[in-house]
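Enquirer: pasted the sequence and its predicted model underneath.
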Amino acid sequence: MTSRNYDIKDPSLAEAGKQRIEWAYREMPVVKLIKERFAAEKPFKGIRISGCLHITTETANLALALQAGGADVTLCASNPLSTQDDVAAALVDYGIPTNAIKGEDETTYYKHINTALDNKPHLTVDDGADLVSTIHTKRSELIADVIGGAEETTTGVIRLRSMYKAGQLKYPMIAVNDAETKHFFDNRYGTGQSTIDGITRATNILWAGKKVVVCGYGWTGRGVTMRARGLGAHVIVVEVEPVRALEAVMDGYQVMPLLEAAEVGDIFITVTGDKNVIDKAHFQVMKNGTILANSGHFNAEINIPALEGMAGKKRTIRDFVEEYTLKDGRCLFLLGEGRLINLAAAEGHPASVMDMSFADQALCAEYMVKNKGKLEIKVHPVPEEIDKEVARLKLKAMGVAIDSLTAEQQKYLASWEEGT
Ligand SMILES: NC(=O)c1ccc[n+]([C@@H]2O[C@H](COP(=O)([O-])OP(=O)(O)OC[C@H]3O[C@@H](n4cnc5c(N)ncnc54)[C@H](O)[C@@H]3O)[C@@H](O)[C@H]2O)c1
């Protein structure tokens with residue numbers, strides 16, 4: 001047991017958590033390889049790492065890999081509803097102080113972030129930039145010790161770029177989300193599958209024949225639409241970017257403004273990273289029985305205060321399902337308090353996809369330590385060697401071999417003189 005501060009729901013859940021962490025590890029061969037190398041080389045000797053991440057089995061395996069490399073790791077939740085309490089208990093048992101309780105209120109959430117920062121991190125690992133923004137706004141005395149930080153998700157990267165633009169960023173960051181081996185797979189296949197999983201677990205609906213409206217056709221939106229269609233739903237896409245909207249049209253989806261879609265949709269899923277995407281005007285025309293879910297980072301995509309204002313009555317009808325009865329008698333169902341439904345009502349992304357995201361995280365952490373003091377204060381991309389290495393290791397683990405260029409082809413592809 002660790003002696004530093006931690007706050008979890010129930011230490012007796014540790015054994016159950018350990019078994020599930022072990023189960024996920026079977027699907028994380030790339031993290032396993034990295035962990036074995038870290039254990040031998042100890043790249044994080046003397047390094048303190050604070051991570052604000054969804055406390056899941058996959059995150060546990062990342063934390064254990066960093067710990068094997070000699071790091072002193074502290075964790076807190078990156079969302080009040082995404083913590084798996086058995087995993088939090090197991091982590092504490094493994095000597096990783098964890099501050100996370102599923103369903104914690106906002107005060108506890110920020111208290112947990114501050115406790116994770118009390119460890120005076122050399123590296124920060126964020127999913128949504130809450131550690132970075134807390135350090136910059138309230139704990140600036142910690143900045144001097146920080147070597148760098150890594151960011152896991154689209155919304156966090158957007159926040160960091162805004163900080164940089166405003167001249168507020170005070171230490172170097174790596175946008176792990178932007179690695180190809182991250183967002184091509186995690187955001188698309190991970191969010192695609194786990195969002196459908198979360199909504200299914202919360203509601204047990206049949207997808208076949210339903211009209212599903214997906215707001216946002218970015219990396220996550222592509223995944224969610226693909227999987228909803230695979231289950232037989234009629235998918236409507238709502239976008240604001242013309243190229244993305246065009247892509248959705250050519251991918252075979254109906255595209256229309258949300259106000260039109262609001263009248264016909266059975267299930268609405270937001271994955272935009274934006275605010276008040278589904279708003280009062282939309283609630284006003286939705287059908288009785290409409291289901292509302294969000295899988296974007298913050299619970300700001302569905303205007304819940306507006307919904308509360310329109311409702312005459314509210315009750316929890318099932319776990320993660322809130323029934324809002326509007327004054328005109330229609331019922332709208334909000335899932336998981338509008339928080340990312342794949343983590344609130346299910347287990348988040350499958351381990352196999354987090355294997356790549358967290359391999360990127362682990363290798364970027366090592367990269368930052370190796371380049372201590374040399375990285376410019378800005379938002380860096382993941383180094384291409386790391387991205388390629390993760391893809392290479394994943395393919396190898398999957399038993400997939402690929403071709404390589406011949407010397408003649410390399411020369412041809414690098415030349416401009418040779419034509420028909
Ligand atoms: N649930 C999860 O586990 C999970 C995983 C990865 C990313 N995310 C989060 O999901 C969100 C989306 O991520 P992404 O990688 O798909 O981002 P993205 O930038 O690739 O896509 C977002 C899309 O939403 C569109 N959009 C913005 N405002 C809109 C509006 N008002 N109406 C309709 N469309 C709008 C944008 O034009 C863009 O095409 C982010 O908040 C990200 O952090 C969640």
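Expert: The structure has been received and is ready for your questions.
Enquirer: where does this structure dip in pLDDT?
Expert: Residue ranges of the chain with pLDDT under 70: 1-3, 420.
Enquirer: check contacts around the closest residue to the ligand within it.
Expert: Distance from the ligand to each residue of the chain (C-beta to the nearest ligand atom) is smallest for G218, at 1.7 Å. Quick note: C-beta positions are derived from backbone N, CA and C, even for glycine. Counting by C-beta atoms under 8 Å, 6 or more residues apart in numbering, G218 touches 154, 187, 244, 271-273.
Enquirer: is it true that H282 touches L259?
Expert: Yes - using C-beta atoms under 8 Å, H282 is in contact with L259, at 6.5 Å.
Enquirer: comparing the two, which residue is more hemmed in?
Expert: For H282 versus L259, the count of surrounding residues by other C-beta atoms under 10 Å is larger for H282: 27 against 13.
Enquirer: hang on, the more buried one in a helix?
Expert: Yes - assessed with DSSP: H, G, I helix; E, B strand; the rest coil, H282 lies in a helix.
Enquirer: could you find the closest non-adjacent residue to it?
Expert: A262 (4.1 Å; C-beta to C-beta, 6 or more residues apart in numbering).
Enquirer: without its sequence neighbours, what residue ends up closest to D319?
Expert: A202 (7.1 Å).
Enquirer: just checking, I34 touches M356?
Expert: No - I34 sits out of contact with M356 when judged by C-beta under 8 Å, with a separation of 11.2 Å.
Enquirer: pull the single longest strand found in the chain out as CSV, backbone CA atoms only.
Expert: For the chain, the longest strand by residue count, based on DSSP state E, is strand 311-318. The C-alpha trace of strand 311-318 is given here as CSV (Å, rounded to 0.1, in the frame of the first residue of the first chain):
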residue,chain,number,x,y,z
ALA,A,311,-38.9,20.0,-17.9
GLY,A,312,-41.8,19.8,-15.6
LYS,A,313,-40.6,16.6,-14.1
LYS,A,314,-37.4,14.6,-14.0
ARG,A,315,-36.7,11.1,-12.7
THR,A,316,-34.0,8.4,-13.1
ILE,A,317,-35.8,5.6,-14.9
ARG,A,318,-32.8,3.3,-15.2
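Enquirer: which parts of the protein sit against the ligand?
Expert: Applying C-beta under 6 Å from any ligand atom, we find that the chain lies next to the ligand at 153-155, 183, 187, 191, 215-221, 238-241, 244, 271-274, 277, 295-297, 340, 342.
Enquirer: what about these, which are in strands?
Expert: Per DSSP E, the residues of the chain next to the ligand map to strands at 215, 238.
Enquirer: list buried residues within the residues of the chain next to the ligand.
Expert: 153-155, 183, 187, 191, 215-221, 238-239, 244, 271-274, 277, 295-297, 340, 342 (16 or more other C-beta atoms under 10 Å).
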